[in-house]
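In: got a predicted structure plus its sequence, pasted below:
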There are 2 protein chains.
Amino acid sequence: MGVRDKLLAVGLRPTKQRLVIGEILLDDVHRHFTAEDLHKELTHKDAGIALATIYNTLGAFTEAGLLRTVSVDSERVYYDTNTDPHYHVYEEDGSKLTDIDASRISIQGIPDLPQGQVVDRIDVIIRTRST
Amino acid sequence: MGVRDKLLAVGLRPTKQRLVIGEILLDDVHRHFTAEDLHKELTHKDAGIALATIYNTLGAFTEAGLLRTVSVDSERVYYDTNTDPHYHVYEEDGSKLTDIDASRISIQGIPDLPQGQVVDRIDVIIRTRST
DNA sequence: TTACATGCAAACTGTTTGCAAATAT
DNA sequence: ATATTTGCAAACAGTTTGCATGTAA
């Protein structure tokens, strides 16, 4: 399925900017990046897309389920093109994120949740540092 | 052990401001809060402590191991007075954090880490929403 | 032809910093 | 005495917003 169709499938208008960004992100290669990373990459390509549009687009893609965010570092938002259930290894030194398939890890002992609450998702972040 | 001694024990000078803040935070009651929360609380008490000092103090306390931070939300830093190994339940609607003792949860299947990396800590956040 | 998306700059939020005055050792 | 800490305001980074213009349906 082409990028145009992926956008249409989730109800997003395939504008020129979204197509360019979608071409980079929506290709089954799992990436972790920040808005700034993407902005740099687009500037290289001379795509001339405004930073605000990048933020808008990442927000729209995330809301549409094409991306997800990862809370590893409170200074910036990391985006992840892998939307399947999975966890992360975070190398604190180099700020490098790696995926771990959810099926590899099992978690036991989740307690009863407060009244009327259901699990939305479980984040697991294995934070590592170099020896 | 009094607050003054707790500060001295970790090599922090017991200034008036640190004593006031320590009196609030260092009492074995587990709290989750932001710098802003603490600032409001102190303003109520008319403690007249500058916001910058609150940030400095929280940073110093964290570095000294008296507090830890929790990455749940990239817009702000949450501090946690519980420094024992534990995990969190995060109610996404009300931004409420609750502790889960680490001993209650078991995690299996942690993959091999990259060369020269060791686990610093593992964060587990169970994100819930109301039904 | 109309609702939605973009670009730009300005606004905003949370946090950090520089520096002179105050304070702990 | 001297090294640290404080308060304040100004700076900063990342992100959001308002509005005029452009574009997809």
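Out: Alright, I've got the coordinates.

In: which residues are contacting the longest strand belonging to chain A?
Out: Here the longest strand in chain A is taken by residue count, with DSSP state E as the criterion, and it is strand A:117-130. When contacts are defined by C-beta atoms under 8 Å, 6 or more residues apart in numbering or on different chains, strand A:117-130 is touched by residues A:70-72, A:85, A:87-93, A:100, A:105, A:107, A:110, A:113, B:71, B:91-92, B:107, B:110, B:113-114, B:116-131. Every C-beta, even on glycine, is put in place using the N, C-alpha and C of the backbone.

In: which helix runs longest in chain A?
Out: For chain A, the helix reaching the highest residue count under DSSP state H is reported as helix A:51-63.

In: same for that helix, what does it pack against?
Out: Counting contacts by 3 or more C-beta pairs under 8 Å, 6 or more residues apart in numbering or on different chains; DSSP states H and E, helix A:51-63 is packed against helix A:16-25, helix A:35-44.

In: if I look at residue A:70, how far off is DNA strand C?
Out: 17 Å (C-beta to the nearest atom of the strand, to the nearest Å).

In: ok, that residue - contacts?
Out: A:32, A:78, A:79, A:80, A:88, A:97, A:123, A:125.

In: do you know how far the residue of chain A most remote from its centre is from residue A:59?
Out: Farthest-out residue of chain A from its mean C-alpha position, per C-alpha atoms, centre = their mean: residue A:115, at 30.1 Å. Relative to residue A:59, residue A:115 is positioned 31 Å away (criterion: C-beta to C-beta, to the nearest Å).

In: got the buried residues for the longest strand of chain A?
Out: Counting neighbours by 16 or more other C-beta atoms under 10 Å in any protein chain shown, one finds that the buried residues in strand A:117-130 are A:117, A:122, A:123, A:124, A:125, A:126, A:127, A:128.

In: got it, and stretch A:22-31?
Out: Neighbour count says stretch A:22-31 has A:22, A:24, A:25, A:26 buried, by 16+ other C-beta under 10 Å.
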